[in-house]
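Novice: predicted model and sequence follow; I will ask about them next.
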Amino acid sequence: MNSIKAKAASLTAIVFMMLVTGGQGQLNPDAPADLNSSVRLIFPDTPVELFDTTLDSALKIHSPLVVDCWELGCWPCQKMETTIDQMASDFKGRIVFGKLCTDFNPVTTGKYKVSRTPTLLIFNNGTLVYKHVGNYPREELEHIILTALHMR
């Protein structure tokens with residue numbers, strides 16, 4: 001029985017480290033350090049997969065965070081996926097991008113009133129600052145995101 005508890009504890013620790021490190025196995029050395037905080041900000045170069053159960057902790061770890069809310073079978077969502085992936089890489093160190101499937105995450109979908117997809121939820125310091133519905137060219141999406149985050 002103790003070996004089962006030990007294995008469960010080990011698995012929990014591994015999952016936690018993967019969440020904290022973005023699956024990279026180490027804290028991001030390129031991330032700017034916030035000297036006034038004991039939590040180091042993490043900026044992965046690929047979108048973080050989010051769920052109802054992980055969004056709150058992601059909002060504490062990642063700031064700013066742009067969440068791409070998509071659904072299965074949504075053609076505009078599929079078109080926007082490549083753009084979000086590219087932006088996650090291009091904005092590494094400045095903005096974290098995440099993806100949340102609305103089909104499997106009704107709590108988040110309801111909380112932020114996501115009724116159509118694709119929808120971007122733009123958070124700064126854990127607070128929703130802007131919600132954008134629809135797929136637009138990358139230049140327009142960049143303008144929307146950077147303006148909402150006061151990075152322009």
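Specialist: Ah, there it is.
Novice: against residue 85, how distant is the residue nearest the centre of the chain?
Specialist: For the chain, residue 98 is the residue whose C-alpha lies nearest the centre (C-alpha atoms, centre = their mean; 2.6 Å). From residue 98 across to residue 85, the span is 12 Å (C-beta to C-beta, to the nearest Å). Any C-beta I mention is one placed from the backbone N, CA and C, and that applies to glycine too.
Novice: mind listing the shared neighbours of the two?
Specialist: Taking C-beta atoms under 8 Å, 6 or more residues apart in numbering as the contact rule, residue 98 and residue 85 both touch residue 47.
Novice: name the SS class of the residue nearest to the centre of the chain, please.
Specialist: Assigned with DSSP: H, G, I helix; E, B strand; the rest coil, residue 98 falls in the strand class.
Novice: against residue 144, how distant is it?
Specialist: Distance, residue 98 to residue 144, using C-beta to C-beta: 16 Å.
Novice: name the helix or strand of the protein that has the lowest mean pLDDT.
Specialist: Scoring the helices and strands of the chain by mean pLDDT, DSSP states H and E places helix 2-21 at the bottom, with a mean of 49.
Novice: what helix or strand does residue 132 sit in?
Specialist: According to DSSP states H and E, residue 132 maps onto strand 127-133.
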